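Colleague: sequence and predicted model, in that order:
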Amino acid sequence: MTTTPASRTSGRPGSPAPERATRTAGLLPADPVLRRASVLTLVNSVGNGLCFPLGVLYFTRIVGLDTTAVGAGLTIAGLVGVAAGVPAGRTADRWGARRVGALLWGGTGVATASYALVHSYAGFLVAVVCATALQMASRGVQGALYADVLPAATRVEARAYLRMVVNVGTGVGGVFGAVALQLDTRAAYVAVILVNAVTFAGPALLLPRLPLAPHVAERLSPDSAVPGAERWRAVRDLPFLAVTVLNAVLVVQYSLAEVGLPLWIVERTDAPRWTAALLMIVNCVLVALLQVRVARRAAQVPSAVRAMGWSGMLLAAACAVYALSSGLCPVWAVVALTAGAVVQVFAEVLSAAGGWTLGYALADARAHGVYQGVFGAGMSAGLMAGPALVTVTAIAHGSAGWAVLGVLFAVAGLAMGPAVRWARRDGEWRGETA
């Protein structure tokens, strides 16, 4: 898409042109829209952090459901969520991302609150499918929402800032969630569930009040409307789908930290169990410190492609370091794992920034909802496939499995360049300039 000279401004009439989207006024960004989005994101991420350490335990320990059955239910819910992403995006194109996003967030809050009423497996399945599907469907709608309310020139940096807010909020929520986990009573679990539900339903009321960026009015004009036959083009746009799949492969990296490393530490190394918590803290702190800085350097397509390539190579290096930690004494195992985690953080912030840039730059600006729905569905699929993929490779086969993962990440990162060139050659209909 064409970038105009006006991209250096905030895009808001009458406002001075800040050098950066994340210029602050006190503790929050000076830009009023980003400030409101930051508050909404912070509230919601605190709620998610509250439930993160105890979601599955509530259904197994308190409700009394079988662990395997709960896992199967979560998988079913995830599949429904992946399938819901594209229709939700198309709905956002038709009715507006703010309105649809508010409905999805509000619905997620209601569905989350229903966890407190679950007493059977059937009830669990209905509640978790609704909550997970609504939350995962909102991923693409959020992408379209940011396209509507944030200026294109500062959108990637703003998303990086919001990701930093998510990390901070999740960490704060996790501390209080750990308190409920220690109490281990039904009252404590239910209280956390209801608070989390409010952090979805409350901000949903404020989403429709976010003002549209000036460029959106032009995009929504009758002359720029997408013909009916073209509104679903994202699902037939092979170059964009190729980029989406490669990004989904890189998204598997999140399962390394959440699933792979805790299992690897316990089953395959002599490192103490608390190392898993140490690596999570290292990840949260470094992402908060680095994400915005990295995003500023990956806000254009060429730099985003380079970022994705470097991400794949760094992930391969991290996998090699993780593999080396097996067989080391406890101290050196901790050192190796921490070094791998630091390398992975650089890969993570690079791929996140590059993915945001490419997800917007290669989409038809007239149909951001369905395009971001497709891109978000790819991310959801990567997150779903990640735990099984990490388990059957690294955990099951040790160093050989880590090598397979490393090659997979490297190939995905390096293949992003040819895929993006294909998309840009095919992008004349998007109004792009190559």
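Modeller: Right, received. Where do you want to start?

Colleague: can you count the residues close to the closest residue to residue 92 other than its chain neighbours?
Modeller: Closest residue in space to residue 92, ignoring its immediate chain neighbours: residue 369 at 3.4 Å, by Cβ to Cβ, 6 or more residues apart in numbering. C-beta: built from backbone N, CA, C; applies to glycine. If you count neighbours by other Cβ atoms under 10 Å, residue 369 ends up with 32.

Colleague: the helix or strand harbouring residue 369 packs against which elements?
Modeller: Using DSSP states H and E, residue 369 sits in helix 368-390. Judged by 3 or more Cβ pairs under 8 Å, 6 or more residues apart in numbering; DSSP states H and E, helix 368-390 is in contact with helix 67-95, helix 97-113, helix 121-149, helix 238-251, helix 253-255, helix 330-361.

Colleague: in TSV, list these along with mean pLDDT, mean neighbour count and distance to residue 190.
Modeller: Compiled in TSV, the helices and strands packed on helix 368-390 are given as follows (pLDDT from 0 to 100; neighbours: other Cβ atoms under 10 Å; distance: least, Cβ to Cβ, whole Å):
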stretch	mean pLDDT	mean neighbour count	distance to residue 190
helix 67-95	84	20	17
helix 97-113	92	23	10
helix 121-149	88	23	13
helix 238-251	95	21	32
helix 253-255	90	23	28
helix 330-361	95	23	34
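
Colleague: figure out which of those is closest to residue 183.
Modeller: Residue 183 lies closest to helix 97-113 among these, at 19.8 Å (Cβ to Cβ).

Colleague: could you give the angle of that closest one to helix 368-390?
Modeller: Helix 97-113 runs at 40 degrees relative to helix 368-390, counting by axes from the mean of the first three to the mean of the last three Cα atoms, to 10 degrees.

Colleague: turn the helices and strands packed on helix 368-390 into TSV, including distance to residue 261.
Modeller: Output for the helices and strands packed on helix 368-390, formatted as TSV (distance: least, Cβ to Cβ, whole Å):
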stretch	distance to residue 261
helix 67-95	19
helix 97-113	28
helix 121-149	24
helix 238-251	16
helix 253-255	9
helix 330-361	7
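
Colleague: thinking again about what came up before, which residues touch the helix or strand following the helix holding residue 369?
Modeller: The C-terminal neighbour of helix 368-390 among helices and strands, as given by DSSP H and E, is helix 396-397. For helix 396-397, contacts defined as Cβ atoms under 8 Å, 6 or more residues apart in numbering pick out residue 404.

Colleague: helices and strands around the very next helix or strand once past helix 396-397, which ones?
Modeller: Next along the chain after helix 396-397, taking DSSP H and E as the criterion, comes helix 399-425. Under the contact criterion of 3+ Cβ pairs under 8 Å, 6+ apart, helix 399-425 touches helix 238-251, helix 301-324, helix 330-361.

Colleague: so which of those helices gets nearest residue 49?
Modeller: helix 330-361 (18.0 Å).

Colleague: off-centre distance for that closest one?
Modeller: Taking Cα atoms, centre = their mean, to the nearest Å, the mean C-alpha location of helix 330-361 is offset from the chain mean by 14 Å.

Colleague: just want the angle from it to helix 368-390.
Modeller: Using the same axes, to 10 degrees: helix 330-361 against helix 368-390 is 160 degrees.

Colleague: nearest residue to the residue of the chain most remote from its centre other than its sequence neighbours?
Modeller: Going by Cα atoms, centre = their mean, the residue of the chain most distant from its centre is residue 329, 35.2 Å out. In space, and not counting its chain neighbours, residue 329 is closest to residue 270: 6.4 Å by Cβ to Cβ, 6+ apart.

Colleague: phi, psi of the one you found?
Modeller: As for residue 270, its main-chain torsions (degrees, to the nearest 10) stand at phi -100, psi 10.

Colleague: check contacts around it.
Modeller: Contacts of residue 270 by Cβ under 8 Å, 6+ apart are 328-330, 333.

Colleague: make JSON lines from those and add distance to residue 35 to it.
Modeller: JSON lines is the format used below for those (distance: Cβ to Cβ, whole Å):
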{"residue": "328", "distance to residue 35": "47"}
{"residue": "329", "distance to residue 35": "49"}
{"residue": "330", "distance to residue 35": "46"}
{"residue": "333", "distance to residue 35": "44"}
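
Colleague: closest to residue 155 out of those?
Modeller: So of the contacts of residue 270, ranked by how close each gets to residue 155 (Cβ to Cβ), first place is residue 333, at 41.2 Å.

Colleague: give me the nearest residue to the closest one, chain neighbours excluded.
Modeller: Leaving aside its chain neighbours, residue 333 sits nearest to residue 271 (4.0 Å; criterion: Cβ to Cβ, 6+ apart).

Colleague: in the chain, what helix or strand scores lowest on average pLDDT?
Modeller: strand 24-25 (a mean of 53; mean pLDDT, DSSP states H and E).
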